[in-house]
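Q: pasted the sequence and its predicted model underneath.
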Amino acid sequence: MRHSELLVSVITPTYNASAYIVDTIESVRSQSWTNWEMVIVDDCSTDDTREKLKYYSELDDRIHIHFLKENGGAAIARNTALHHARGRYVAFLDSDDSWKPAKLEKQLQFMQSGDKAFTFTGYEWMDQEGEFLNKEVGTPRQMTYDDLLKNTIIGCLTVMIDREKVGPFQMPNLRTRQDLATWLSILKRGFVAYGLNENLANYRAGNPSISKNKWKALKMNWHVYRQVEELNLVKAGWCLSHYAFNALAKRL
């Protein structure tokens, strides 16, 4: 397929991201694959994020900015971006994360080989200052619906989806874990997520206490299992125990 036919829409929600948004945008502008559009939806930032977004939208006509009128959370911001996205392919990048320069090109080549509809890649952790933490997360060869219930290894910042194959989709309106619920809804229809086991993205770890984050993640996963996926207590507990083990292993 020709370069001109492979437009990738980069979906980026923002909220008070002034400290990081320039690095995020520049990592997209530095991609070796140039046929992209970046759809950024600002969720009522109160810092100077909006001024920086306006600057980049004037600097690069591939960057499209939308401002929400009231704060609604990441799911609403991502869904707004998905609504405005024009690309056959959509990729996700949060406003404090970034990509390696060959990310889009390598992932598109991977998707074209074997005609894949859903792919994800490896990534590495960095701290709030952007210093790498010598911690990389690799990928399994593939993930099915049942696999993902037990191991939430798919990093949102690495996902690319072919909407021509998967069809239109939206994220459920959850404050957190809306990405997990979305991947599950797609895989539940019989699709498989294929892993490109190469470090192509940079994930910025947050500052809050690790124990608090782990407890919150457990509660949100439980909510997805029980309320979104409607798993019975036994299966939900079984999946949560596997999730906890795999989440701990990922952080070691």
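A: Yep, that arrived. Residues are numbered from 1 along each chain as shown.
Q: for the stretch 151-252 of the chain, which residues score under the pLDDT cut-off?
A: Residue ranges of the stretch 151-252 of the chain with pLDDT under 70: 207-214, 248-252.
Q: just the strands in it please.
A: Along the stretch 151-252 of the chain, the segments classed as strands by DSSP state E, counting those that start in this stretch run 160-162, 193-204.
Q: pull up the pairing partners for the last one, direction included.
A: Put plainly, it is strand 193-204. According to DSSP bridges, strand 193-204 forms sheet pairs with strand 98-99 (antiparallel), strand 118-126 (parallel), strand 142-143 (antiparallel).
Q: closest to M126 out of the strands of the stretch 151-252 of the chain?
A: Minimum separation from M126 across the strands of the stretch 151-252 of the chain (Cβ to Cβ) falls at strand 193-204, 5.3 Å. To be clear about C-beta, it is placed using only N, CA and C from the backbone, and glycine gets the same treatment.
Q: next, the buried residues of that closest one.
A: Buried residues in strand 193-204, counted by 16 or more other Cβ atoms under 10 Å: 193-196, 198-204.
Q: can I get the residues you listed in CSV including distance to R163?
A: Listed next are the buried residues of strand 193-204 as CSV, based on distance: Cβ to Cβ, whole Å:
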residue, distance to R163
A193, 15
Y194, 16
G195, 20
L196, 19
E198, 23
N199, 26
L200, 21
A201, 21
N202, 25
Y203, 24
R204, 27
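Q: mind giving me the domain ranges of the chain?
A: 3-207, 209-252 (automatic domain parsing).
Q: check those domains for me and report the most buried one.
A: By mean neighbour count, with neighbours taken as mean count of other Cβ atoms under 10 Å, domain 3-207 ranks first of the domains of the chain at a mean of 18.
Q: so how far is S241 from P168?
A: Distance check for P168 against S241: by Cβ to Cβ, to the nearest Å, it reads 34 Å.
Q: equivalent analysis for T152, please.
A: Distance check for T152 against S241: by Cβ to Cβ, it reads 13 Å.
Q: which other helices and strands contact the longest helix anywhere in the chain?
A: Counting residues, the longest helix found in the chain (DSSP state H) is helix 233-251. Packing partners of helix 233-251 (3 or more Cβ pairs under 8 Å, 6 or more residues apart in numbering; DSSP states H and E): helix 145-150, helix 210-223.
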